[in-house]
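*Asks:* here's my sequence, what's the structure:
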Amino acid sequence: MMNNYIPNVTTFQNDLREIYGVKEKDTEENSTSSGTGFADVIKDELQKVNNLQVEADNNITGFIAGEKSIHEVVLATEEASMSLELAIQIRNKLVDAYKEFNNMQV
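*Replies:* Numbering: from 1, shown residues only. A predicted model of the protein is given here:
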């Protein structure tokens, strides 16, 4: 009998939408068909990191051949290094979050 007095989550969501004037989005729009998913974003960003690594390698080869300046080489290698370091830190945070999630008691 007590459950009749507890409103469900959608009641609260609808009330908040009314208060803040937010329209409800279509549920199909919120699904993965509306764009890129988390895995796609990670894949794209890792591809960008890889492209920066390849570009830095090409700049080093170009410098050895006399086609690139030292400035271009240093800039490209630092950019590649920083992007790789950022990717590693993001991976570490994701692993930590996964471990914390697995340690949660239900």
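
*Asks:* okay, now the unreliable bits of the chain?
*Replies:* Flagging of the chain using pLDDT under 70 yields the residue ranges 1-13, 15-16, 19-20, 22, 24-35.

*Asks:* what ranges does it have for its helices?
*Replies:* Ranges of helices in the chain, per DSSP state H, are 9-20, 38-64, 70-103.

*Asks:* let's have the ones you listed in CSV, adding mean neighbour count.
*Replies:* For the C-beta atoms, the positions are set from N, CA and C on the backbone; glycine is no exception. Putting these into CSV (neighbours: other Cβ atoms under 10 Å) gives the following:
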stretch, mean neighbour count
helix 9-20, 10
helix 38-64, 14
helix 70-103, 12
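
*Asks:* and Ala80, how close does it get to Thr36?
*Replies:* Ala80 sits 24 Å away from Thr36, going by Cβ to Cβ, to the nearest Å.

*Asks:* next: Val73.
*Replies:* Val73 is 33 Å from Thr36, where distance means Cβ to Cβ.

*Asks:* and what of Asn14?
*Replies:* The gap separating Asn14 from Thr36 is 29 Å, by Cβ to Cβ.

*Asks:* and for Ala97?
*Replies:* According to Cβ to Cβ, Ala97 stands 20 Å off from Thr36.

*Asks:* what's the distance between Val106 and Glu72?
*Replies:* 54 Å.

*Asks:* now Phe101
*Replies:* Per Cβ to Cβ, Phe101 is found 43 Å from Glu72.

*Asks:* now do the contacts for Gln53.
*Replies:* 80, 84 (Cβ atoms under 8 Å, 6 or more residues apart in numbering).

*Asks:* run the last query once more with 10 Å
*Replies:* By Cβ atoms under 10 Å, 6 or more residues apart in numbering, the residues touching Gln53 are 76-77, 79-81, 83-84.

*Asks:* and what of Ser81?
*Replies:* For Ser81, the contacting residues are 52-53, 56, by Cβ under 10 Å, 6+ apart.
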